[in-house]
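In: Give me a model of this one.
(3 chains)
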Amino acid sequence: MVMSTISIQQVNFAYQKKTVLHDIQLEFQSNCFSVLLGRNGSGKSTLFNLMAGIYPLQSGQILFDGQPLAKLKGKQRAVQLGFLAQSHRSIFNFKVLDVVLTGRAAFSGYAPSQIDRDQAYEALRMLEIEHLQDRDYTTLSGGERQLVMIARILTQNPKVILLDEPTNHLDVYYQAFLMQKLHELSRRGYTIVAIMHDPNLAFLYADEFFFIKDSQIIRAQDKAQAAEADFLAQVYDLPFQQAYVGTHKIVMPKRREISE
Amino acid sequence: MTAEFFGLFRCIFLLTFMGLVCAACTPVHVPSDQANTVQIDVTDRYGNRVQLQKPAQRIVCLFEASADDLYMLGAGSALVGIPAKIYSAPDLYHAYSILDRRIAQKQIATPSNWEASTNIESVVALQPDLVVVNAGQTDVIKVLQKMQIPVYAVMSENLQQTRKELHDLGALTGRSERARQLLQFIDAEIAAMNAKKHNTTQQKTVYYGWSGGRIFSTSGIDSMPNTVMTLAGARNVVTTSIDQPNVNPEKLLEWNPDVILLWNSRPEQIYERPELKTLSAVQHRQVYNLRPTFLFNPHTPKILLAANQLQHWLSGSVDVHQDAAHDMQRILSEFYGATHAAQFIHMAQSKE
Amino acid sequence: MKSSVSVLIYLLPVPLIIFSLLIGPSEQFGLRDFSYALYAFFSTPNHLSNIELARLELMQNIIVNVRMPRVFLTFLVGAALASSGNTLQALFRNPLVDSYVLGISSGAALGAALALLTGWLPVQVSAFLFGILAVCMTYGFAQQRYEKSSVVVILLSGMIVSGLFIAGLSIVQYLSDPYKLQAIVQWTMGNLHQATWEKVEQAVLPIALSLLGMYGMRWRLNLLALGQLEAQAVGVDPRRDQFLLVLFVTLATSSSVAVAGIISLYGLFVPHVVRMLIGPDNAKTVPANIFLGGSFLLIIDNLSRTFSTFEIPIGIFTMLLGAPLFLYLIRRYRMNWA
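Out: Residues are numbered from 1 along each chain as shown, chains lettered A, B, ... in the order given. Prediction:
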C-alpha cells in the first residue's frame, strides 16, 4: 500500500466574521489511526468539512500526498479520499448491495461492471456484514447503516478515510466493532482520520491524538501526556480523574458533589 | 396622561367611523324632475325600464353590435362613447372608419376595455343621456341606475333579441320609422330564404368552425351559427345543444358535412390537413369562409347576410359567386346606404 | 412477483399501441372493421366495389392521419412526464415533486398564452422556450455558496418562479378578449386531441434524446438519490450530473407541455406506482417509467376519446382516474420510503 499523508498548513477559516479555525498546522500519517478530539463548537466539524472538500478553503493549504485537494477531481479524488458524514438517512429503500455499489460511481462510468460488484462483495465481507446485502437499507439499525456506508467507501479503496463522529448513535457493541475495524484497516495501510468526542474509545483503539480548543490545535507531547487528567481538563474545561485497568489508562470526568 | 390621550383618540376615531358608516347606508336622494312628461318609455328584456324625455343625443355604447345597430338606424352621430375594441381590432377600425369620420380620427372616447371591463368614472364623465351596456355587467348597470343615468341592457344572443333591441334602440333615438323599415326588410329576407328552401331537394349538412383557425371547435344547436344554418335551409352536423370545443377529427370524418363554414379562418387550413382529405367538402372544394367578420356579425341584423351567402353556397349553382356578390351589395345597401355598402365591399375585396 | 411484473411492463406497449389504433369514437365502424383496414395495409384486397374501397380508404385515413399521431404522441408524452418525475424525485430526494416543480408548467403556459395573444411565435415554440426560461430562472435564484440545504432552496425557488409566471399568465389573460381567453384556457387544460404528425415530429427528437440520456444515467441516479454529501464522499461531484439530468428533464417536459398542454400529477404518481411494483433501484425504474408511463397515459387517453363524442381534456382524466388508483395502491402496498 502506498503511503499517503495529509498535510494541513496555515489554515484559517472564518464564518460570518467569527473565526472558527486559527492557524491550523497538522499532519496525519499513513498506516495510522488518528483521532481529532475536542469540545462541541471547537471547530472539529469545520476542519472535517475543509478536509473533505465540502467547504472551500479561505486561506492556507490542505495537501494530500503533496497535492492540494482542489486539484483532485473525479477518479483521482476518489482514489485519494473517501469520507463518512454524520448520520445518514435514505429516502428510498434501496437494497444494501445497491447502496454499496454506488461507491464505485467515480470509476464505473455509467454502469457497474463485474469488477465493481466483486469489490462491493469484498467490502461487505471485510466488515462482516455480507448477510445484510439483500436487506432494505431503511430497515437497518443505526450501527448497521454506518457499517454499510463504510463498506461503500471501501469499494472506492481510497488511501484516506475521513470519519465525522462515526460512533454517534451506535450501541456499545457497534462502537467497539467499528473502532476495531478501523484499527484493522489502518494496519492494512489506510490513513484513517476520525473526529470523535469520547477520549476513552479513542485511547483504546487509535494511534495518534490531536486536540482542538477554541479554534486552535493543542498538542500533547506524547501519547502518555495526552491521556493525562490535567491535560484533558485543559482541553475539555472539565476536571478529570484517571484509573488503570491492567496497563491501560482510562479517564473519567470528576463528579462534582452537590453541596448541601 | 398619554393613556388618557389615546383613550380620547379612540373615542373620536370610533365616532367618526360610525358616522361614515351611517352616511354610507342612507340612500342618496337625487331630486327628480317629476313635472316633465316622459315621451320615450321602453323596457329591455331584463325588466329595466328606460325612460327618456327626448331622443338620446349623447349615447355611450359599450357593446359593439349595438353601436353597429345605431349606425344602421342612422343615429350614429349621437354616439359619444364606444367600446375600445373598435380602435384596437384592425378589421373593426377600418369598417367603422367608413361609417364615421370621428372614428377614423379616433375622436370618440372609449371608456371600456372589452365587454367585461368598464370604467364607470369615464362613462359618467362623458355626461351621457343613455348608456347601452352588455347585460352581463350587472354591477355597472346598478351603479348607473343609482346615478339616475338611463341604462339599456343588451345581449343579442339570438335573432329575436336582436330584433327587439333594434326596435327599442330606434325608439330611444327617435328613429322608430327607420327601425320599422329595417325590421320589415329583415322579415322579407327571411321569407325569401324560406321560399328558396322549399325549392331544393334535400337538406344539406354544414359544419361550422370557430374563428381564428380553431377548426376543431364547433357550436351546438343553441348557437348563432346554428341560426345561420337553419335560416339558410341547412342542418348542423352537431346535434348537441352545447358547443364542442374539442372535436375529434374522426368525428368530423364521420359527420362528413356537405359544406364547411369558417369564420375568419383560411380554408387552406382545412384543405392542407392530410387527415381530412377524404371529406366530401374537401374533395368538392366546399369550404367557405365568412370574412371580414364585421359584415356578418351575427349579433346584428347582418346575420341575414351570413345566412344569405350560405344559402348561395349551398345552392351550388353555376353563378354562385355572382349571385352572392349581388345579394351582398343589395343587403348592405339596405342597412347602410349604397355608398357605404360599396365602400364595405371594396374593403372586403382589398383584403383578399 | 417483481420480475413477472417487470416482464408485463415491457411487453405491454406494442400490443397496446396496436389495440389503440383499432378503437375510437367512431359509431359507423367497429373494432372488426378497423382490424380489417389495418390488415389491408399489408395485403391489398382485390375485387372490392367502389363503395367498399371508399370505406376502406376512409378507415385507413383515420388510422394513419388521426389515430397514429395521437397514439404516438400520447405514448411519448406519458413516457417523458413519468421519467422526468422519477428523475426529479431521485435528484431532489423528495417523493412529492413532479415534473413541473421547477416552474416548467407555468413558464410554458405563459409562453403559450403570449403566443395565442400576440402571435409572435408558433405556440409550441413559445411554450418550449418559456419552459426552459423558467428552469434557468429557478436555478439562477437558487445559487448558494454552501450546498447543504440546496434542495430546499431549489424547490422554494421553483415555487417562486412558478408564482411569477402565473402572475404573468393572469395579466395576459386579463388583457385578452373572451375568444383568446378561451383559447388560452383550453390550451392549459391539455389537448391531445389535436395531435398531428407535425407535433409528433416536433416532440420526438427532444423527448427521445432526453429519455436516452436519463436511461444512460440510471445508475448514477442511485448515487444522487443517496444525497449530495454521499456523492461527494465517493469522489463524485454531483453538480455536473445534476445539471445534465435537469437539462434532460427540462427538454422532455417542455416538449411535452408544448405539444400537449399541462397534464397534472401524472409525473408525480406514475414513478410511485413503478416503485411500488418493482422497487426503488433506478437502474430498473428508469426504463420501467418509460414503458409504463407511456402505456398508462395511452390507456387513459383511449378511455377519454372513446367515452363520448365530447372530448374531455386529458388533464382532467388523469386526475379523475389516477387519484383513486393511487389511493388504492397506497392502501395495498407499503410506502416505499422512510
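
In: Over to the closest residue in space to residue B:46 that isn't next to it in sequence. Which of the three states is it?
Out: Closest residue to residue B:46 apart from its sequence neighbours, by Cβ to Cβ, 6 or more residues apart in numbering or on different chains: residue B:153 at 5.2 Å. C-beta: built from backbone N, CA, C; applies to glycine. Using DSSP: H, G, I helix; E, B strand; the rest coil, the structure places residue B:153 in strand.

In: what does the one 10 residues further on give?
Out: Three-state secondary structure (criterion: three-state DSSP) places residue B:163 in helix.

In: pretty sure it is touching residue B:185, no?
Out: No - contact criterion Cβ atoms under 8 Å: residue B:163 and residue B:185 do not qualify, at 11.5 Å.

In: Give me the below-cutoff pLDDT ranges for the stretch 101-250 of chain C.
Out: The stretch 101-250 of chain C contains residues with pLDDT under 70 at C:144-150.

In: Show me what from it comes close to chain B.
Out: Counting by Cβ under 8 Å from any Cβ of the partner chain, the positions of the stretch 101-250 of chain C adjacent to chain B are C:177, C:178, C:179, C:180, C:182, C:183, C:186, C:191, C:193, C:194, C:196, C:197.

In: Of the residues you listed, which count as buried by neighbour count?
Out: C:180, C:182, C:183, C:186, C:191, C:193, C:194, C:196 (16 or more other Cβ atoms under 10 Å in any protein chain shown).

In: quick one: which of the residues you listed is nearest chain A?
Out: residue C:191 (34.5 Å; Cβ to the nearest Cβ).

In: Can you name every helix or strand that the strand or helix carrying residue B:321 contacts?
Out: In the assignment (DSSP states H and E), residue B:321 maps to helix B:320-336. Here helix B:320-336 touches helix B:64-73, helix B:176-197, helix B:303-315, helix B:338-350, going by 3 or more Cβ pairs under 8 Å, 6 or more residues apart in numbering or on different chains; DSSP states H and E.

In: Nearest to residue B:220, out of these?
Out: Minimum separation from residue B:220 across the helices and strands packed on helix B:320-336 (Cβ to Cβ) falls at helix B:303-315, 16.9 Å.

In: could you show me where the helices are in the stretch 51-200 of chain C, in order?
Out: Under the criterion DSSP state H, counting those that start in this stretch, helices of the stretch 51-200 of chain C are mapped to C:68-91, C:104-118, C:123-141, C:150-175, C:178-188, C:197-216.

In: What is the neighbour count of residue C:118?
Out: 13 (other Cβ atoms under 10 Å in any protein chain shown).

In: Hmm, residue C:202 is touching residue C:254, no?
Out: No - here residue C:202 does not reach residue C:254: they are 11.3 Å apart, not a contact under Cβ under 8 Å.

In: more neighbours, these two?
Out: Comparing residue C:202 with residue C:254 by other Cβ under 10 Å, the one with more neighbours is residue C:254, at 32 against 19.

In: Distance to residue A:109 added to the residues of the stretch 101-250 of chain C next to chain B, as TSV?
Out: Listed next are those as TSV, based on distance: Cβ to Cβ, whole Å:
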residue	distance to residue A:109
C:177	56
C:178	57
C:179	55
C:180	51
C:182	52
C:183	48
C:186	46
C:191	41
C:193	43
C:194	42
C:196	40
C:197	38
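
In: end to end, how far does stretch A:134-146 reach?
Out: 16 Å (Cα to Cα, to the nearest Å).

In: Residues in contact with that stretch: which ones?
Out: A:84, A:87-90, A:92-97, A:99, A:129, A:132, A:148, A:166, A:169-171, A:173-174, A:177-178, C:337-338 (Cβ atoms under 8 Å, 6 or more residues apart in numbering or on different chains).

In: now stretch A:155-162
Out: With Cβ under 8 Å, 6+ apart as the test, stretch A:155-162 has contacts from A:1-2, A:4, A:6, A:28, A:30, A:48, A:51-52, A:64-65, A:78-84, A:100-101, A:103-104, A:106-107, A:116, A:119-120, A:122-123, A:150, A:153, A:182, A:185, A:190-194, C:234-235.

In: Look at it and report the distance between its end residues.
Out: Chord length of stretch A:155-162, first to last residue, is 15 Å (Cα to Cα).

In: quick one: buried residues of it?
Out: In stretch A:155-162, counting by 16+ other Cβ under 10 Å, buried: A:155, A:156, A:157, A:158, A:159, A:160, A:161, A:162.

In: for stretch B:49-56, same thing?
Out: Buried positions in stretch B:49-56, judged by neighbour count with 16+ other Cβ under 10 Å: B:50, B:52, B:55, B:56.

In: Please report the distance of the nearest residue to the third one once chain neighbours are set aside from residue B:67.
Out: With Cβ to Cβ, 6+ apart as the measure, residue B:174 is the residue that lies nearest to residue B:55, at 3.0 Å, once sequence neighbours are left out. Using Cβ to Cβ, to the nearest Å, residue B:174 is found at 17 Å from residue B:67.

In: quick one, which of these two is more surrounded?
Out: residue B:67 (26 against 18).

In: I figured that one hits residue B:86, correct?
Out: Yes - at 7.1 Å, residue B:67 counts as touching residue B:86 under the criterion of Cβ under 8 Å.

In: shared neighbours of these two, anything?
Out: Common neighbours of residue B:67 and residue B:86 (criterion: Cβ under 8 Å, 6+ apart): residue B:96.

In: from the stretch 151-300 of chain C, which residue is nearest to chain A?
Out: Closest point on the stretch 151-300 of chain C to chain A, by Cβ to the nearest Cβ, is residue C:235, at 2.7 Å.

In: tally of neighbours for that residue?
Out: Count around residue C:235 with other Cβ under 10 Å applied: 26.

In: Show me the strands in chain B, by range?
Out: Applying DSSP state E to chain B gives strands spanning B:40-43, B:49-52, B:59-61, B:79-81, B:130-134, B:151-154, B:205-209, B:235-236, B:259-263, B:287-290.

In: Buried deepest among those strands, which one?
Out: Ranked by mean neighbour count, those are led by strand B:59-61 with a mean of 29 (mean count of other Cβ atoms under 10 Å in any protein chain shown).

In: same for it, what does it pack against?
Out: Counting by 3+ Cβ pairs under 8 Å, 6+ apart, strand B:59-61 packs on helix B:64-73, strand B:79-81, strand B:130-134.

In: Including distance to chain A, could the helices of the stretch 51-200 of chain C go into JSON lines?
Out: JSON lines is the format used below for the helices of the stretch 51-200 of chain C (distance: least, Cβ to the nearest Cβ, whole Å):
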{"stretch": "helix C:68-91", "distance to chain A": "7"}
{"stretch": "helix C:104-118", "distance to chain A": "22"}
{"stretch": "helix C:123-141", "distance to chain A": "20"}
{"stretch": "helix C:150-175", "distance to chain A": "11"}
{"stretch": "helix C:178-188", "distance to chain A": "31"}
{"stretch": "helix C:197-216", "distance to chain A": "6"}
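
In: Quick one: the strands of chain B as TSV, columns for distance to residue C:85 and mean pLDDT too.
Out: What follows is the strands of chain B, written out as TSV (distance: least, Cβ to Cβ, whole Å; pLDDT from 0 to 100):
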stretch	distance to residue C:85	mean pLDDT
strand B:40-43	59	84
strand B:49-52	59	87
strand B:59-61	53	93
strand B:79-81	53	93
strand B:130-134	44	91
strand B:151-154	50	92
strand B:205-209	36	93
strand B:235-236	43	91
strand B:259-263	40	92
strand B:287-290	43	91
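
In: Put together CSV for those strands, with distance to residue C:141 on each row.
Out: Shown next, in CSV, are the strands of chain B (distance: least, Cβ to Cβ, whole Å):
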stretch, distance to residue C:141
strand B:40-43, 59
strand B:49-52, 56
strand B:59-61, 47
strand B:79-81, 46
strand B:130-134, 43
strand B:151-154, 49
strand B:205-209, 44
strand B:235-236, 52
strand B:259-263, 44
strand B:287-290, 48
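
In: With that, I have no additional questions.
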